[in-house]
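Trainee: Just need the structure, nothing else, for what follows:
(5 chains, ligands or ions: 4)
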Amino acid sequence: GCGGGSTGSGNSGGTIKIGTLHPLTGPYAGDGQQMENGVKLAIDDINAAGGIKALDGRKLELAGGDTQGKPDVGQSEAQRLVTEGVTALVGTYQSAVSANVAPLAERNKVPFVIDISGDDGILSHGYKYAFRMQPRNTVFGTAGAKYLQEISKAAGKPLPKVAYLHESTAFGTGVFKAFKAEAEKAGITVDPEITYDAASVSDLTTQITQVKASGAQALVVTGYYKDGVLAAKAVSTVKPPLDAVYGIANGAFDQPQFPTDAGPASAGYFDVNYHLNDKSPEATKFAQAYQAKYGQPPRTGAALAYDSVRVIAAALERSKSVDGSKLRDAIADTDLTPLTLNDGPITFDDKGENSTALPALTQVVNAKPTVVYPAEFATAKVTYPAAPGA
Amino acid sequence: MTDGLRIDEASAGYSGLQILHGISLHVDAGELVSIVGANGAGKSTTLRLISGLLRATAGTVTYAGERIDGRRPHEIVRRGVVQVSEGRDLFGPMSVDENLRLGAWTVRSGVDALLDEVYALFPALAERRRQAAQTMSGGQQQMLAIGRALMSRPKLLMLDEPSTGLSPKLTWEVLEAVRSIRDRGVAVLLVEQNAAQALGISDRAYVLESGTIVLDGPGSELAEDARVRKAYLGL
Amino acid sequence: MTAVVAPDAGAHEGTVTRRHRSARGTLGVLAAVTAVAATMPFVLPESQQAVAIRVLIFALLATGWNLMSGYGGMFSFGNAAYFGVGAYADVVLLVGHGVSPWIGMVVGAALAALLAVGTGYVAFRYKVKGAYFALATFAIAEMLRLLATDTTWVNGTIGYHVPLLAEESWWMFQFEANAPEYFWIGLALVVVAFLAVLFYLRSKAGRYTVAIRDDEDAAAALGIAVMRYKLTTMALAAAITSVAGAFYAQYYLFVDPDIVLGQTQSIQAIVPAVVGGVGTLWGPVIGAVIVGPLSTVTASLLRTPPDALSFLAGRSGLDVVLYAVLVIVIVLVLPKGLYGTIRQFVLDRWRSR
Amino acid sequence: MSTAEALTTRWRSVPAAPVVAIGLVFVLIAAALLKSGSGTITGQAVLTGLVNGGVYSLLAMGLTLIFGVLDIVNFAHGAFLAVALFVTYQFVSTTGANPYVALPIAIAALFALGALAQWALLNHTMGRPLESQLLLTLGLSLLVSNLLLLAFGGDPLSVAVAGDHGVNVLGAVANQTRLVAFGGALVLAAGLYLLLGRTRLGRAIRAVAASRQGAGLVGIDVRKIYVLTFGLGTACAGAAGMLIAPFTTITPTAGDQFNILAFVVVVMGGLGNVAGALISGIIVGLVEQLGGVLLTGQSPLFGVFLVFILILVARPQGLFGARS
Amino acid sequence: MSVLRVEGLSKSFRGIAALSDVDVEVAEGTVLGIIGPNGAGKTTFFNVVAGAFKPDAGTVTLDGTDITGLPAHKVARAGMTRTFQLMRPFATLSVLENVAIAASVGGGSQRAARRRAEEVVASVGMDEWADTVAGTLHTAALKRLELARALATRPRVLLLDEVLAGLVPTERQPVLDLLAGLRDEQGLTLVFVEHIMAAVMRLSDSVVVFDRGRVIARGAPADVVEDPAVVEAYLGTGVGSGD
Ligand SMILES: Nc1ncnc2c1ncn2[C@@H]1O[C@H](COP(=O)(O)OP(=O)(O)OP(=O)(O)O)[C@@H](O)[C@H]1O
Ligand SMILES: Nc1ncnc2c1ncn2[C@@H]1O[C@H](COP(=O)(O)OP(=O)(O)OP(=O)(O)O)[C@@H](O)[C@H]1O
Ligand SMILES: [Mg+2]
Ligand SMILES: [Mg+2]
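Mentor: Residues are numbered from 1 along each chain as shown, chains lettered A, B, ... in the order given. Ligands and ions are numbered 1, 2, ... in the order given. This is a model prediction of the structure:
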């Protein structure tokens, strides 16, 4: 029962355990497994390259935990991993689970690298041991508003008014608020705001009819995969006259299978999200390796998980120690170019946020979500207006 | 002998508690046989054993030469052995008509004719064909239970205290009906707390005491037996 | 006419009797079990401490549910409501007003009891019973969850983090991660809940509760104020459940509507009770001891499978499959729960000597 | 006082509850009109509500047999629904045929699955209290959805119907596939209604529901009826799963979302009442949609549960429940 | 003077009258027998008088106090306890516990209640069953348990619904003696519904006959059984009495 649980077995040779916490069962199992695979791939790559050289080439070892998507399970799995002597934790996908794991990591002085979990609140408590790879929700909202204003203006069709449809939990609300603040600065009216309960929704036709009735020129959508598909289907049924359907941190619009599930009407859909840097050779190599090993293309989550392990490994090289507090300090000094879109190498600010993480704007082009903005990362041109289904 | 019911040395009980201790009895075709005994002697348990609601822990039950112990209730009903239970077990929300038709579950033809027979036997039921069974008075429910059993054209009818809770007038009518059922060639095994009346109409009877058969013989003889008179007839 | 045995009226044989177990006996067993359990923090490997805590939370939840549904016959499918009220009262007072969690626990228990009485009164007043009652309790829990989700003064979906303190504090109910104090406090709460149920059941109100479960109309006909005792029972059950919620909040340090007011808690209140034995004192506790570690055991079994099963390693979902199979087998094999079935078996043996 | 009371008793005993429920729906419609100020939105909400409600009744239909008739709280219903989704998916992806061709297959497969579950597991818990069957079906639900996870993975899948487009109904739109599902709900309700009321099997099912012991004593094979009924109820989930597959994201846990709502619909309609399930499913759909228009920022489910509790208070046995 | 007075009592279910305008009076310390065909409304009468149902019209006065429409538990506390036609034990509890619960209702310690329960159990001749789980009792024992539970509440008026039904003749006698003792030694007022005419004749001080929710005859037992309407509706022309 003392803090610093990782100091015990860690320093004395043998492998270095990296604890993972992902939803391997339950409703989010699909994403969870991808992220777990990303971690495995990273560990394999690092071990193949000779392990942690600063620690006599010690190898990394995966210690897996299944959160089942439940916060309390996540926390007790984390507790188990910590007491089994993991050096660092990677996870967890859902914000509520990360929020449960972060204080535990803090109290045990085990660094916790959050690959995915967008909620701003997680790192707002001054935790020293938690770091986040992905851009947080407000960053998405703000960037989303900025990009939208820029591309619509560039196309010569500046937006007076957009409708916003989002799921009703902290995720959707957080992104929405940041978007609204930024959009209003740019003179865009955000109205109406329509919310829905993602857990129970099975149809969004009425909501899209509200959008149609409002006369807004664009529709912004924040939600998860299933409801994203529902929104797209409702748009194709109701056919509101829109210049764009524009996701922000949308769980669907940037997914490879989205065009299949939503049908041809999904052409031209935008999404602001974290995304693999398609122009980086490392990212391409990663994608090929992933495809080769697991038989499907990686999602960005897998890359973020992969990078999380790289961050830890690089920090181990610098700390030359598996001691939690030394490792933590080393992670705080991370300077590593990620596979995902970025504004420079990963840099954690004093809250542990990756301040260079950059949201990308994707658009469904030829039935494939493709990065179209910012221009330096784009592999295709922005099409705007992009009336849905056109 | 082989065409009737026969229990040999059967024991049965509830959850670790033995009630019947190796009883033997038989009911031949067309006979009206009574079981009398104190409350709790095991009369209902005996009927439940025969109808398959309860399993024997020892001994055998045969009907028409075939073992029926261990068989489930519907299989026993299909052999023509039908019980009217103490609790009646009617289909409460269903109508009188439906209850009776369900009684004929194992009989596929001539159901309407059977129905007319039962309505003729119990005119009170005929007046209430559409009424839900659970809203009927105690006596009408009892008639319905008997009528439902008759709908299956039983070869052996078992009645558990058919007159309980009935008005004197109805008690008399029901026992009359039992006698006429027997007269139509149906064997009857009757359990009745009005032992005197029951013995009066029975061909034979058994006396059950604490799960053991202690006496048997023709109904009229038992009715005259001093011990029976004292112990069960309150005379 | 053959007389086999002479009739001998009056001899009664074969009755099911009920032994009166003294409270003292139960207390003795409880003391022994508690003493053994208290050593757990030293006995269990550190990685299993979290599982031990889960067992305690399950035990509290199931004890509350069992009182209301097992002994009281009021089948609840919404105990998450009380759990959540306990957790929220605790964190709102602590985070918002710096009130000690111990006080928060008491306030939460009072609020949960109040909620139980309010909803129970309406339900019983309008004769909502059985499955209808069960789903009504569920609906109330769900409504609370949705309310919390949309109410900003309880932080909506964001929920609450319990702030970490610089040092351990009994008064503020915070210790180092994995400190044995958590286990001991939880154990003490379970013991208190157990005793509360034990003495409640031995009180007049408790006896009436069981009578009302067996036959409400008959109880009323004897002069028992049915409504009052149903509500008392619900209130006590709700209070116990809310204490579980407060303990949860202090241990996991994070509370949001889905976690503490969600369906999962309602189910977790039922499962250990059924596995252990509904309507028995020890059932919920024993059930918690079985169910608490079950998913961890199956998960670790498959994480490092024996050679014969090695082809199964690393496939996600399999641990849950195994867990599910175990639950199904337990239900099939133990009709009255583990404790209930064993007790029945022993009684049967003892009776038929 | 006595006349007033007599009046209220009589008023409550007349089938006034459905009338009140329908009145409530009209009040909601009026309120939604006022709130949104738009006939289009309200009209769309009503249409979507009706159509979605049809889906809820579709799911509740099987459950009302299993829960209402057999008294089994079947938590695996949602998992069975997911099985039907995957059966449809598997059929479409291997044959490439129109998904509706899979309807008989889904029905047959799920009937078999349900019958098997009852025969192998639930029949052994007959007569046990509510909670032990609840736990059993809970375990079954976990088992089924995780077997699906093992077999198909956790990624969302879909089944598309070629040329599924919106159909205009009085200014509102609904997808063809959803309208077909709604029609399916009506057909299924009618079918079950006739089955229960008019057929020999239906009579046996009702008899078993009314008195298990009584059914055995007239010669009905009670366990067989249980197996058939559970199979039938699950077959309804099969039909439902196929019919909603074209507009649902298919994952192993896709059915869980509907589980509780289906229970609410069953209880609201009165246990074992097929027509009740149909109507209360539609009420739930309407309340959900209109509530979404009315209470912005509140989950529409809140409204659904509120209405549910109000109905229970007014009629503790559900809208159309016959049991006293 | 009459301890229980019922005036103009009416009750209908779904528009069908189960009781119409029934007047009944019982003098303190006497036994009133209620007879009538099946479905005549006898049990409904008990249900309404004892507070299980609210009457549509009419008043019930117990010992000068109006108790009309009081809930069942308040009626019991006012001194009138009823038993059920279909026996309703607390099935999971022992006989003694069943009775002790009833005995504790008026107040007093649980210890005292238990002592009283032991007395009552003995007084109805159930000592040997004291520890038996009520759910496993046979008919005769259950009937006695119903009686014992009611007695344990120390009622002044006891409403008994067919306490003899299902008992073999030899079992009836002791119960009848017991009931007579309650009246003669303890001054209890009894109202009992019974189909066994011998018992009605033996125990009743007066008899009321119900038919289709109405009182069709009342008076001394010997007079009532001679009433042609009673014979026609109830007794029939057959063997008649129970044994
Ligand atoms: N479910 C049960 N569990 C335990 N014991 C039971 C059960 N049912 C009956 N008994 C006991 O079995 C014995 C025999 O019961 P049974 O019902 O056969 O008696 P009976 O002769 O029909 O008497 P009566 O109908 O007057 O009660 C009784 O002592 C009774 O208490
Ligand atoms: N809850 C109820 N709902 C509808 N009808 C009822 C209800 N209770 C009683 N009845 C009806 O009221 C009438 C009187 O019933 P009651 O039980 O009072 O008869 P009873 O005189 O006690 O008959 P028995 O001698 O058979 O017990 C019957 O026709 C019965 O169907
Ligand atoms: Mg009997
Ligand atoms: Mg009666």
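
Trainee: where does the closest residue to ligand 1 within the stretch 201-350 of chain C land on pLDDT?
Mentor: At 11.4 Å from ligand 1, residue C:348 is the closest residue in the stretch 201-350 of chain C, using C-beta to the nearest ligand atom. All C-beta spots, glycine's among them, are computed from the backbone N, C-alpha and C. We have a pLDDT of 71 for residue C:348.

Trainee: again, but for residue D:131
Mentor: 80.

Trainee: Show me what the helix or strand harbouring residue D:239 packs onto, helices and strands only.
Mentor: Assigned by DSSP states H and E, residue D:239 belongs to helix D:222-244. Judged by 3 or more C-beta pairs under 8 Å, 6 or more residues apart in numbering or on different chains; DSSP states H and E, helix D:222-244 is in contact with helix D:39-63, helix D:77-95, helix D:103-120, helix D:176-198, helix D:200-210, helix D:212-217.

Trainee: ok, which residues in the stretch 51-200 of chain C are in contact with chain D?
Mentor: C:69, C:75, C:122-123, C:126-129, C:131-132, C:134-136, C:138-140, C:142-143, C:146-147, C:149-150 (C-beta under 8 Å from any C-beta of the partner chain).

Trainee: Would you report which members of the residues you listed are assigned to helices?
Mentor: C:122-123, C:131-132, C:134-136, C:138-140, C:142-143, C:146-147, C:149-150 (DSSP state H).

Trainee: quick one: which of those is nearest to residue B:102?
Mentor: For those, the residue nearest residue B:102 by C-beta to C-beta is residue C:131; the value is 25.4 Å.

Trainee: nearest residue to the closest one other than its sequence neighbours?
Mentor: Spatial nearest neighbour of residue C:131, excluding adjacent residues (C-beta to C-beta, 6 or more residues apart in numbering or on different chains): residue D:267 at 6.3 Å.

Trainee: where does the one you found land in three-state SS?
Mentor: helix (DSSP: H, G, I helix; E, B strand; the rest coil).

Trainee: residues contacting it?
Mentor: Neighbour list for residue D:267: C:131, C:132, C:135, D:308, D:312, D:318 [criterion: C-beta atoms under 8 Å, 6 or more residues apart in numbering or on different chains].

Trainee: Chain E against chain B: which residues are in contact?
Mentor: Near chain B, when you scan chain E using C-beta under 8 Å from any C-beta, you find E:35-40, E:85, E:136-141, E:162, E:165-173, E:195, E:197, E:233-236, E:238-243.

Trainee: could you pull out the strands for the chain?
Mentor: I went with chain A, as the question did not name one. Counting by DSSP state E, one finds strands in chain A at the ranges A:16-22, A:60-66, A:88-91, A:112-114, A:130-132, A:161-167, A:189-196, A:218-222, A:244-248, A:270-273, A:360-365, A:368-373.

Trainee: my bad, chain C
Mentor: So, for chain C - with DSSP E - the strands run C:2-3, C:160-161, C:254-255.

Trainee: ranking these by mean pLDDT, which is last?
Mentor: strand C:2-3 (a mean of 40).

Trainee: Hmm, residue B:16 and the residue of the stretch 201-350 of chain C closest to ligand 1 touching each other?
Mentor: Yes: using C-beta atoms under 8 Å, residue C:348 is in contact with residue B:16, at 3.2 Å.

Trainee: Please give the centre-to-centre distance between stretch C:231-242 and its chain.
Mentor: 11 Å (C-alpha atoms, centre = their mean, to the nearest Å).

Trainee: which residues touch it?
Mentor: C:60-61, C:63-65, C:67-68, C:71-72, C:74, C:76, C:79, C:82-83, C:85-87, C:89, C:105, C:108-117, C:120-121, C:124, C:193, C:196-197, C:200, C:205-206, C:209, C:269.

Trainee: Just the buried ones from those?
Mentor: Using 16 or more other C-beta atoms under 10 Å in any protein chain shown as the burial test, these include C:60-61, C:63-65, C:67-68, C:71-72, C:74, C:76, C:79, C:82-83, C:85-87, C:89, C:105, C:108-113, C:115-117, C:120, C:124, C:193, C:196-197, C:200, C:206, C:209, C:269 as buried.
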